[in-house]
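Colleague: Test case, fold it:
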Amino acid sequence: MTPPAVMLACDQPATMRAVAAAFEEEGVPLMIIPATGYREAATRSQLGIGIACIDGRIALGLSTGPDIPYLIGDDARMIGHYAARLAARRPLGLA
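Modeller: Okay, the predicted model is just below:
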């Protein structure tokens, strides 16, 4: 069994629901794990993409590269869409 494409490390129910809804809309598998950092979540994911709740914000990180978030923001659903699109190799739609 292969791990899901993206891991979400969070213990905030509202944030988990928002991110999970974005992933469902994009049709990308997501697994929610106990709260750790985004880097740990990314390391555990199949594609090296992890999301975590950090001080009330949502951080999207990669398992490779610098140890800083790839994206960080307050809108969990938006970050969820960006992460799902990144995993599915679709344009992020940033303007």
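Colleague: The most centrally placed residue in the chain in helix, strand or coil?
Modeller: The centroid of the chain falls nearest to residue 51 when counting by Cα atoms, centre = their mean (3.1 Å). Here residue 51 is recorded as strand under DSSP: H, G, I helix; E, B strand; the rest coil.
Colleague: Provide the count of other residues in contact range of the residue nearest to it when sequence neighbours are not counted.
Modeller: Distances taken as Cβ to Cβ, 6 or more residues apart in numbering place residue 8 nearest to residue 51, at 4.7 Å, with adjacent residues excluded. In this view, the C-beta of every residue, glycine as well, is placed from N, C-alpha and C. Using other Cβ atoms under 10 Å, the number of residues around residue 8 comes to 28.
Colleague: what does the one helix or strand residue 8 maps to contact?
Modeller: Residue 8 is located in strand 6-9, with elements delineated by DSSP states H and E. With Cβ atoms under 8 Å, 6 or more residues apart in numbering as the test, strand 6-9 has contacts from 16, 19-20, 23, 28-38, 40-42, 44-45, 47, 49-53, 83-84, 87.
Colleague: Quick check on the residues you listed: which are buried?
Modeller: The neighbour-count criterion (16 or more other Cβ atoms under 10 Å) marks 16, 19-20, 23, 28, 30-33, 37-38, 40-42, 44-45, 47, 49-53, 83-84, 87 among the contacts of strand 6-9 as buried.
Colleague: quick one: low-confidence parts of this structure?
Modeller: Within the chain, the ranges that satisfy pLDDT under 70 run 1-4, 95.
Colleague: which stretches of it form helices?
Modeller: Counting by DSSP state H, the chain has these helices, from start to end: 13-26, 38-44, 76-87.
Colleague: For those helices, could you give me JSON lines that also reports distance to residue 61?
Modeller: Output for the helices of the chain, formatted as JSON lines (distance: least, Cβ to Cβ, whole Å):
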{"stretch": "helix 13-26", "distance to residue 61": "14"}
{"stretch": "helix 38-44", "distance to residue 61": "3"}
{"stretch": "helix 76-87", "distance to residue 61": "10"}
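Colleague: Out of those helices, flag the one nearest residue 68.
Modeller: With Cβ to Cβ, the closest approach to residue 68 among those belongs to helix 38-44: 9.6 Å.
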